[in-house]
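> Sequence unavailable; structure follows:
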């Protein structure tokens with residue numbers, strides 16, 4: 001019998017190191033671009049069916065153990081599983097929704113704070129490496145959410161689970177790798193949606209309340225200060241929480257810095273890199289004990305985090321980054337050269353994603369899922 005497995009259940013199986021073989025039935029080029037950690041690629045065409053040689057290969061991979069099949073949406077993995085059953089395989093499961101559902105698995109990770117009132121949760125969109133935040137005051141039962149993804153309910157539930165009501169929604173910038181859920185969530189809850197004041201230069205059509213450099217908002221007794229940190233984009237803002245936790249968006253990661261040509265283009269990427277250099281110098285003026293909480297974790301093509309592990313805080317002490325991240329020690333000229341040379345592949349459909357996040361274009365759920373396929377590629 002062919003069983004169904006959810007993407008969340010697959011994540012649990014991986015975390016608990018269960019014994020099973022995961023088979024990805026997509027074409028080789030799709031598999032190579034992005035796949036679940038540990039998956040084996042066995043391309044399968046439902047029109048052609050399962051050859052004896054392929055069945056033998058799968059049997060060798062499984063070595064008598066359970067099999068789990070995954071593809072893009074479940075369209076090829078499901079007939080593949082039934083073909084395996086017809087060939088005598090007994091323990092076969094299919095991941096419902098395939099890689100699209102895998103792209104929407106979340107972890108809610110507590111960030112330790114020294115103050116009883118301050119609560120910080122990091123939401124990790126596991127497969128893409130997108131990181132968002134719930135920041136709140138336990139005493140006031142209020143929260144702000146930052147860099148909300150399209151699955152905004154994940155943020156609402158995380159806040160509610162902590163007994164907090166969302167009173168503000170923030171984006172650090174106009175994202176290029178995923179559709180923001182911030183405007184819709186703010187509209188649903190009838191609370192302010194915030195961007196940096198330079199978002200006006202990007203012709204953002206969503207209704208938002210602009211934040212000037214140095215402007216402070218209070219969520220209960222928790223202070224959130226907007227700091228302009230352009231470079232990845234012109235309107236990029238980092239948010240300093242209670243003077244100790246810096247939500248850096250795509251300015252500074254724990255293993256790299258933001259790329260600059262997604263907005264600026266190849267011809268003007270150097271100007272973006274110069275802005276980014278200056279922004280990083282202003283961040284480095286903060287105390288070494290400042291905790292950097294980035295907007296992304298770097299995810300490799302095989303679905304692994306380059307730094308840290310899913311379910312663990314993706315964070316770093318600023319003083320440690322100053323010593324470990326060599327990009328932060330370069331002079332301006334060398335930094336610009338490093339950031340603008342040999343840039344990685346651009347995120348899938350990034351130009352459309354930007355237009356959606358500016359409010360100048362709309363897409364349906366199916367197209368949004370297609371646009372977000374694959375890991376983020378926002379680091380230089």
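Cool, the structure landed. None of these values were measured; they are calculated from a predicted model.
> domain assignment for the protein?
Domain ranges of the chain: 2-101, 108-371, per automatic domain parsing.
> which of those sits most buried?
domain 108-371 (a mean of 19; mean count of other C-beta atoms under 10 Å). Bear in mind the C-beta positions are built from the backbone N, C-alpha and C, glycine included.
> distance between the ends of it?
24 Å (C-alpha to C-alpha, to the nearest Å).
> go on, stretch 335-345?
Across stretch 335-345, the terminal residues are separated by 20 Å (C-alpha to C-alpha).
> now stretch 307-327
16 Å.
> if we can go back for a sec, I'd like the domains of the chain laid out as CSV, including distance to residue 380 and mean pLDDT.
Written out in CSV, the entries for these read as follows (distance: least, C-beta to C-beta, whole Å; pLDDT from 0 to 100):
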stretch, distance to residue 380, mean pLDDT
domain 2-101, 19, 95
domain 108-371, 4, 96
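> and residue 378, which of these is closest to it?
Closest to residue 378 of the domains of the chain is domain 108-371 (C-beta to C-beta; 4.8 Å).
> could you pull out the strands for the stretch 201-350 of the chain?
209-211, 216-219, 222-228, 237-241, 245-249, 291-294, 316-317 (DSSP state E, counting those that start in this stretch).
> Make TSV out of those strands and add distance to residue 19.
Rendered in TSV, the data for the strands of the stretch 201-350 of the chain read as follows (distance: least, C-beta to C-beta, whole Å):
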stretch	distance to residue 19
strand 209-211	51
strand 216-219	46
strand 222-228	45
strand 237-241	42
strand 245-249	39
strand 291-294	34
strand 316-317	34
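> so which of those comes closest to residue 58?
strand 291-294 (39.3 Å).
> Pairing partners for the closest one, with directions?
Under the criterion DSSP bridges, strand 291-294 sits next to strand 245-249 (parallel), strand 316-317 (antiparallel) in its sheet.
> if we can go back for a sec, how about the domains of the chain in a markdown table, adding distance to residue 379?
Putting these into a markdown table (distance: least, C-beta to C-beta, whole Å) gives the following:
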| stretch | distance to residue 379 |
| --- | --- |
| domain 2-101 | 15 |
| domain 108-371 | 4 |
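> give me the beta-bridge partners of the most centrally placed residue in the chain?
The centroid of the chain falls nearest to residue 130 when counting by C-alpha atoms, centre = their mean (1.1 Å). The partner list for residue 130 in beta bridges (DSSP bridges) reads residue 125, residue 296.
> tell me the contacts of it?
With contacts defined as C-beta atoms under 8 Å, 6 or more residues apart in numbering, residue 130 is in contact with 124, 147, 149, 177, 178, 295, 296, 376.
> do the same with residue 20
Residue 20 neighbours (C-beta under 8 Å, 6+ apart): 13, 65, 66, 67, 68.
> quick one: which of those residues is nearest to residue 339?
Checking the contacts of residue 20 against residue 339 by C-beta to C-beta gives residue 13 as the nearest, at 38.6 Å.
> Quick check: the gap between the closest one and residue 38.
10 Å (C-beta to C-beta, to the nearest Å).
> Residue 117 now?
41 Å.
> now residue 243
Residue 243 sits 42 Å away from residue 38, going by C-beta to C-beta.
> repeat for residue 110
Taking C-beta to C-beta, one finds residue 110 at 27 Å from residue 38.
> And residue 155, by the same measure?
29 Å.
> In the chain, which helix is the longest?
helix 269-284 (DSSP state H).
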